[in-house]
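# Predicted structure and sequence below. I'll ask about it afterward.
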Amino acid sequence: MTGLLQINSDRAFVVELDEFSGPLDLLLTLIREQQIDITDIPIARIADQFLAAIHELGLNQAADYLEMAAYLLRIKIQMLLPRPIDEEEWVDPRAELVRRLLEYEQIREVADWLGRRAELRSERFARGWVPELPELPPPPIMLSLDDLVATAERLAESLPQRVTHRVVPRPLDTEGATRRIREILAVKEEFDWAELFDERPSVSDVISCLIALLELARLEEVELFQSEPYGMVRVRRAAASPVG
Amino acid sequence: MQPLARLVEAALFAADRPLKLDELEQVAPDAGRESLLAAVQELRDHYQADEHGVELVELAEGFQILTRPEYAEALAQARIVNRPRKLSVAALETLAVIAYRQPVGRAEIEEIRGVAVDGVLRLLLERGLIEVVGRGEGIGRPLLYGTTPAFLELLGLSSLDELPKMEELSVVLRPLAEEAGE
Amino acid sequence: MQPLARLVEAALFAADRPLKLDELEQVAPDAGRESLLAAVQELRDHYQADEHGVELVELAEGFQILTRPEYAEALAQARIVNRPRKLSVAALETLAVIAYRQPVGRAEIEEIRGVAVDGVLRLLLERGLIEVVGRGEGIGRPLLYGTTPAFLELLGLSSLDELPKMEELSVVLRPLAEEAGE
């Protein structure tokens, strides 16, 4: 704990509040700022600084960063364990981290190169307006079963299927309800709101109508009133209403 | 070519519409209308004199560079302009939802895809890949969509049964009791 | 200009994308590849020599006419064109992994980048910069991704071979054993 506070008070490194593209990016930035040899990372210090940084940047809720923090702490502990007498047997607990950092650094270099290329390319423009040649039918469509199935699978994957507590009700249809209210108002000046429903309306139907009515009331298309407390809600075409 | 004619060429080429003189003035604010018109003329003459495959024409909508009419047929033949197009990701996703869950209404498609699909639905209807197959229950009795025979033909399928089975997509969002019961 | 160069110009003008040599051959079926390449070269030289506002570039395994870079500012200022939005670092990193390791699955990308990439993948798919190119082995047979011609177009590359070679990068991956031995 003291370590963390210490880091906060004397900030040997400068972390910009710029967004990092991930924990490896942040880690690499810390290492670069302090000109640390990547193959000999002072893991205890870096782990503390990493924790302090994600705390400071408000990233301490992000799973990816937390995972990295846990990983660093694990290595820190492993480094504290006594080494085997036979040094040959000892595998540096940091080796995997070093490999990942180097691999990431490589990708980062390529990403920067791609960014510069894209920048150059964005200075040149292709033809903006291509007039259709006269009297051509719309272009034929290319569609393959593979594309369709891959797309369907991608969609299915992205659906919240494993979240069993998430109830997905029939979607609300306020648009339809609005249309229906206007249809009735076109022929009647005033009606019971129960008239909006079938005999057994679903909850979402009732909510849809309620939202639609409130919205129409806000727009001053309708007036809502009750003749007595808890009485039936009546819907009336507003005086200035354009409907009808 | 003179610098101003070069700039005019770049502008007419890159614009997504024919450009009026006013708009060309915005590209070269210091040039003045006279010199801009001269630059347009220079470009037109250049295309003419050097026998380019394109020409500069002035229509009511403004100035534009067009391919010469004599090439229209060769270009159409080669499908340079009218080439077959892949469906956009949005169209493909919508089509996938309809294929697996038909008959299905707009609200449900939007729920799965998480975006409004009006435009895409219209496109798919226009291209004859989907059609209205009925109306659903509930308020407003929403239109329900299904795929057409043209859709099967495009995929080389003889019936919908030949679509690879996709349990997830046909089941998810069905009655929740089933899922919640897991 | 020679008739074939004029036709090539008309074709490249009419297309809103790079045209491959194959496609040019369809426009001029009797010309032969050699003379078509010569016509492309003639057109390129002509734009250069006569100082046009556009130039012919080799792009995404094809040819395309583009405006010269020096006009970008004026065209953007006048709202003739919209400069494409810059890709985020996350998107560039993901593209870098995919470009070098394709076909590659999500898990591998996440392993290298150290973050979840669902959102970025979706964005890149939607922008057509990557596509699903197959399925991997193993549990769930993960989707594998690769880059598209649009990716080359975005970067102004004529082919993937133009990407920097791994051994040219300043950071070189050393074998693990070497480090562990230190």
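Here it is on my side, so go on. Because the structure is predicted, anything quoted here is derived from the model rather than measured. Residues are numbered from 1 along each chain as shown, chains lettered A, B, ... in the order given.
# What segments of chain B are strands?
Using DSSP state E, the strands assigned to chain B run over residues B:54-59, B:62-67, B:85-86, B:104-105, B:130-135, B:143-147.
# Let me know which of those strands is the nearest to chain C.
strand B:62-67 (4.2 Å; C-beta to the nearest C-beta). All C-beta spots, glycine's among them, are computed from the backbone N, C-alpha and C.
# just checking, what's the longest helix in chain B?
helix B:33-49 (DSSP state H).
# A:S21 against C:G114, yeah?
No: in this structure A:S21 lies outside contact range of C:G114 using C-beta atoms under 8 Å: 9.0 Å.
# so what sits against both of those two?
Counting by C-beta atoms under 8 Å, 6 or more residues apart in numbering or on different chains, A:S21 and C:G114 have no contacts in common.
# one step back: any chance of the strands of chain B in JSON lines, plus distance to B:L43?
Compiled in JSON lines, the strands of chain B are given as follows (distance: least, C-beta to C-beta, whole Å):
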{"stretch": "strand B:54-59", "distance to B:L43": "5"}
{"stretch": "strand B:62-67", "distance to B:L43": "8"}
{"stretch": "strand B:85-86", "distance to B:L43": "32"}
{"stretch": "strand B:104-105", "distance to B:L43": "53"}
{"stretch": "strand B:130-135", "distance to B:L43": "46"}
{"stretch": "strand B:143-147", "distance to B:L43": "49"}
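# Please convert these to JSON lines, extending it with mean neighbour count and mean pLDDT.
Below are the strands of chain B laid out as JSON lines (neighbours: other C-beta atoms under 10 Å in any protein chain shown; pLDDT from 0 to 100):
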{"stretch": "strand B:54-59", "mean neighbour count": "15", "mean pLDDT": "92"}
{"stretch": "strand B:62-67", "mean neighbour count": "21", "mean pLDDT": "92"}
{"stretch": "strand B:85-86", "mean neighbour count": "14", "mean pLDDT": "76"}
{"stretch": "strand B:104-105", "mean neighbour count": "22", "mean pLDDT": "91"}
{"stretch": "strand B:130-135", "mean neighbour count": "16", "mean pLDDT": "93"}
{"stretch": "strand B:143-147", "mean neighbour count": "20", "mean pLDDT": "94"}
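# Those: which one's closest to B:M1?
strand B:54-59 (12.3 Å; C-beta to C-beta).
# Just give the closest residue to the residue of chain A found nearest chain B, not the sequence neighbours.
Chain B sits closest to A:G176 of chain A, with a gap of 2.1 Å, by C-beta to the nearest C-beta. Distances taken as C-beta to C-beta, 6 or more residues apart in numbering or on different chains place B:G140 nearest to A:G176, at 2.1 Å, with adjacent residues excluded.
# Quick check: that neighbour vs A:T174, distance?
Look at B:G140 and A:T174: by C-beta to C-beta, to the nearest Å, they are 9 Å apart.
# B:A150 too?
For B:A150 relative to A:T174 (C-beta to C-beta), the value is 34 Å.
# Which of the two has more residues huddled nearby?
The neighbour count for B:A150 versus A:T174, taken as other C-beta atoms under 10 Å in any protein chain shown, is higher for A:T174 (19 against 14).
# Report the contact partners of the more buried one.
A:T174 touches A:S208, A:I211, A:A212, A:E215, counting by C-beta under 8 Å, 6+ apart.
# Apart from its chain neighbours, what residue comes closest to the third one?
The reference is to A:A212. Spatially, and ignoring its direct neighbours in sequence, A:A212 is nearest to A:A177 (3.7 Å; C-beta to C-beta, 6+ apart).
# Correct me if wrong: the one you found contacts B:P142.
No: A:A177 is beyond contact range of B:P142, at 11.6 Å (criterion: C-beta under 8 Å).
# Looking at these two, which has the bigger crowd around it?
A:A177 (26 against 20).
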